[in-house]
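# The following block contains a protein sequence and its predicted model.
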Amino acid sequence: MIGTKFEVPDKYRYQNGFGNHHETEALPETLPVGMNSPQKPAHGLYTEKLSGTAFTAPRHENLQTWLYRILPSSVHTPFRPCKDGSIYTSDEKGSVHESVGAGSHQVESPRWNYLPNQLRWDPFDLDKQADWVQGTRLIAGAGDPTLKSGLGISVYAAGCDMPPQTAYFTADGDLLIVPQQGVLDVQTELGKLLVRPGEIAVIPRGIRHRVTLPSGPVRGYILELYQGHFLLPELGPIGSNGLANARDFQAPVAAFDEEDDRERNTLNWTIVSKFANRLFVARQTYTPFDVVAWHGTYYPYKYDLGRFNTIGTISHDHPDPSVFTVLTAPSSAHGTAVADFVIFPPRWAVAGGTFRPPWYHRNTMSEFMGLITGQYDGKAGTGFRAGGASLHNVMGAHGPDRATFERASEEDTAVPVRIGDGGLAFMFETMFMLGVSEWALRGAAGDDGRADGCGKLQAGYNSEAWQGLERRFRRPAPETSPSG
Ligand SMILES: O=C(O)Cc1cc(O)ccc1O
Ligand SMILES: [Fe+2]
């Protein structure tokens, strides 16, 4: 199912390759030849440079793109804090000079709860009244976007298009988007992406975008990476191909909208900015989707998880889940990720004489998991459901639930089995201890309709998953001496 059947065909064109220097123009002869910033850019456009790394970042890490657009991005009114409950309206009384202006809309208070327990959530409610920006709620996080350190994990659940003539960007980090339900039509400054469940998208920091929902309500997960950028993992002895292959990543081609001449000089466009976890709003007289051509290495992209080339054991033992890494955001400690995006795709389980599911374990890394569809092979019980989530924080003991243990310790391991068909689970794994938001914790599962909390936290997760595990230890009978 993943990667082959979609509700709607993809109507957009892409250019392929991860980390490529791409170039694309929606009108011929727009990109300058042999230079970036000509005195008179083609067609009367302005040149603008978008930097995703410091100017002096090493060549192999340097990310930047040159944009050729109708007006530069700076032509907007000052950003003002947006009004509580009305993110497209600025709070004229709120001062941009105060650290938290009166009435400012905070995406989430930075008050995190640090809990050693295993946590699991029922599927998050769809909010038919919300759009992409309003429907995104922080679940967990670490670090601080002002220090470009750490990450935030959110769920989105929305039922409305973003209003016409609005765009959003976050200055806090790169967005890794994992749709679980419904199609996202994402118009970005650099072109258009259609992103469906079974695909993922990355929208780098700063890139303005507008999300509409061509197939109705949507739900999914977002990892906002405050530091660094996602890379393909090293392949080591796997060799030069495998896992997610570079050629399967798709970046948009340039596409621009021309404004209606009658609307010139009217402040009819609204730009919402997330800056240090706080929303601000500015107005401008023209569409931000006015980039006629671009070239560079800093751009949004998408990837169909159905193209992942899954590698696993063909002898014995359950390998570390790092073999399923799609993208990794490395820290400066070699092999230790700020964030890994890992999937558990359909595959063959063939390990002989082996307990095949994940082992019981405790991990110095934190593991946030979501389920896109179907079932996860580590949890045969019914509690881990598509659109829900689980969190096993630093050193949180976890592993197969009782049902999984019983099945896997009796199965015939001389026979290969197909696992996960029609299903897809994923994990955001991070070196950081994750704080959990107030919203994620408030309201037990079944306690729906709360404004202040998701009402999805499962009170009985630990007991349902593990308390029923039986003692199986039998001390071997002492050997009796033959002499009597
Ligand atoms: O805990 C989990 O279910 C995720 C996981 C899967 C796996 O195959 C090995 C380790 C691991 O943490
Ligand atoms: Fe785990």
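All right, it came through fine. Numbers count the residues shown, from 1 in each chain. Ligands and ions are numbered 1, 2, ... in the order given.

# so what's whatever residue of the stretch 151-300 of the chain ends up closest to ligand 1 up against?
Among the residues of the stretch 151-300 of the chain, L243 lies nearest to ligand 1; the distance is 14.8 Å by C-beta to the nearest ligand atom. C-beta here means a position set from N, CA and C on the backbone, and glycine is covered the same way. Residues near L243 by C-beta atoms under 8 Å, 6 or more residues apart in numbering: 232-233, 235, 308-311, 323-326.

# Report the beta-bridge partner residues of it.
In this entry, L243 is beta-bridged to N309, by DSSP bridges.

# quick one: it from F473, how far?
Distance of L243 to F473, computed by C-beta to C-beta, to the nearest Å: 39 Å.

# How are the helices of the chain distributed by residue range?
For the chain, the helices defined by DSSP state H occupy 402-408, 438-441, 461-462.

# Alongside ligand 1, which residues does the chain contribute?
Neighbours of ligand 1 within the chain, by C-beta under 6 Å from any ligand atom: 318, 321, 358, 367, 378, 398, 427.

# can you put the residues you listed in TSV and add distance to M433, neighbour count and pLDDT?
As requested, these are exported to TSV (distance: C-beta to C-beta, whole Å; neighbours: other C-beta atoms under 10 Å; pLDDT from 0 to 100):
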residue	distance to M433	neighbour count	pLDDT
H318	25	17	97
P321	19	17	98
P358	21	19	97
E367	12	22	98
G378	22	22	89
H398	15	23	98
M427	16	22	98
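
# where in this structure is pLDDT low?
For the chain, applying pLDDT under 70 flags the ranges 1-8, 84-85, 91-110, 261-263, 447-451, 483-484.

# Ok, which of the helices of the chain comes nearest M162?
Checking those against M162 by C-beta to C-beta gives helix 438-441 as the closest, at 21.3 Å.

# can you list contacts of that closest one?
For helix 438-441, contacts defined as C-beta under 8 Å, 6+ apart pick out 108-109, 111, 113, 121, 137-140, 452-454, 456-457.

# Tell me which residues touch whichever residue of the stretch 101-250 of the chain sits closest to ligand 1, please.
Using C-beta to the nearest ligand atom, the single residue of the stretch 101-250 of the chain nearest to ligand 1 is Q118, 9.9 Å away. For Q118, the contacting residues are 390-392, 396-398, 461-462, 465, by C-beta under 8 Å, 6+ apart.

# could you redo the last one with a cut-off of 10 Å?
Contacts for Q118 (C-beta atoms under 10 Å, 6 or more residues apart in numbering) come out as 367, 390-393, 396-398, 458, 461-462, 465-466.

# What distance do you get for it to E48?
47 Å.

# my guess is A293 contacts Y46, does it?
No - using C-beta atoms under 10 Å, A293 is not in contact with Y46; the gap is 11.8 Å.

# between these two, what contacts are shared?
Counting by C-beta under 10 Å, 6+ apart, the contacts common to A293 and Y46 are 67-69.

# from the residues you listed, which is closest to C82?
Nearest to C82 among these: R69, at 25.1 Å, using C-beta to C-beta.

# Since that was my last question, I'll sign off now.
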